[in-house]
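**Q** Turn this into a model:
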Amino acid sequence: MPRNSRKQIDADEKKIITELQKNSGDSIENLAKNCGFSRQKVWRIKKRLEEDKTIWGYAAIVDNEKLNMNRYILLVRLKHLPIDNEVEKNMVEMTIDKLGSKIGISVKDSFWISGNYDHMVSFSAENLKKAKKFQEIFIRTYNSNIAELQLMENIVTIKKDGFVSPKVMETKKLL
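**A** Numbering: from 1, shown residues only. Below is the predicted model:
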């Protein structure tokens, strides 16, 4: 007979995931302490979550300003769905990420979304000129399917990946 029910295993996994989302760089010892589990149990669950791709990456949350970078968002409305095979292939192979990196662009997020737009890309660039160059590359790469693009610059980061910006907390003002 199993020692833990599926319900209990799911609850334990969620507890560990919640702690990892607070600080993915925390030690197994601290995670175990915060969850009330043994180090071995946390290590075993964390390893399983990574192997089954429930957890598929870790990232540092960085102050773009210190890197002399700005954050931009590109919203894309497509002409029609489904997209053609070449466009889909480019998206899956992350062609735009590779083309962007050649001009110093770092693509951070890429989502299919529901609403007025169909796709959203978030990226970092040194300045608006480079962001617009990236937008041109995007248009050339996916032109056959693009109905509209909207380029926006992030002015103030209030919260990112669940973390409140230390700058907002220090100054207590947004602009």
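**Q** All the helices of the chain, residue numbers only.
**A** Using DSSP state H, the helices of the chain run over 6-22, 28-35, 39-51, 85-92, 95-101, 128-142, 166-171.
**Q** possible to save those as JSON lines with distance to His119 and mean neighbour count?
**A** The C-beta positions use only the backbone N, C-alpha and C, and glycine is treated the same way. Shown next, in JSON lines, are those (distance: least, Cβ to Cβ, whole Å; neighbours: other Cβ atoms under 10 Å):
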{"stretch": "helix 6-22", "distance to His119": "25", "mean neighbour count": "14"}
{"stretch": "helix 28-35", "distance to His119": "35", "mean neighbour count": "16"}
{"stretch": "helix 39-51", "distance to His119": "28", "mean neighbour count": "15"}
{"stretch": "helix 85-92", "distance to His119": "8", "mean neighbour count": "13"}
{"stretch": "helix 95-101", "distance to His119": "10", "mean neighbour count": "17"}
{"stretch": "helix 128-142", "distance to His119": "9", "mean neighbour count": "16"}
{"stretch": "helix 166-171", "distance to His119": "29", "mean neighbour count": "11"}
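**Q** can you pull the contacts of the spatially most central residue of the chain?
**A** For the chain, the residue lying nearest the average C-alpha position, counting by Cα atoms, centre = their mean, turns out to be Asp109 (4.5 Å). The contact partners of Asp109, taken as Cβ atoms under 8 Å, 6 or more residues apart in numbering, are Met120, Val121, Ser122.
**Q** which one of those is nearest Ile155?
**A** Comparing the contacts of Asp109 against Ile155 with Cβ to Cβ places Ser122 closest, at 14.2 Å.
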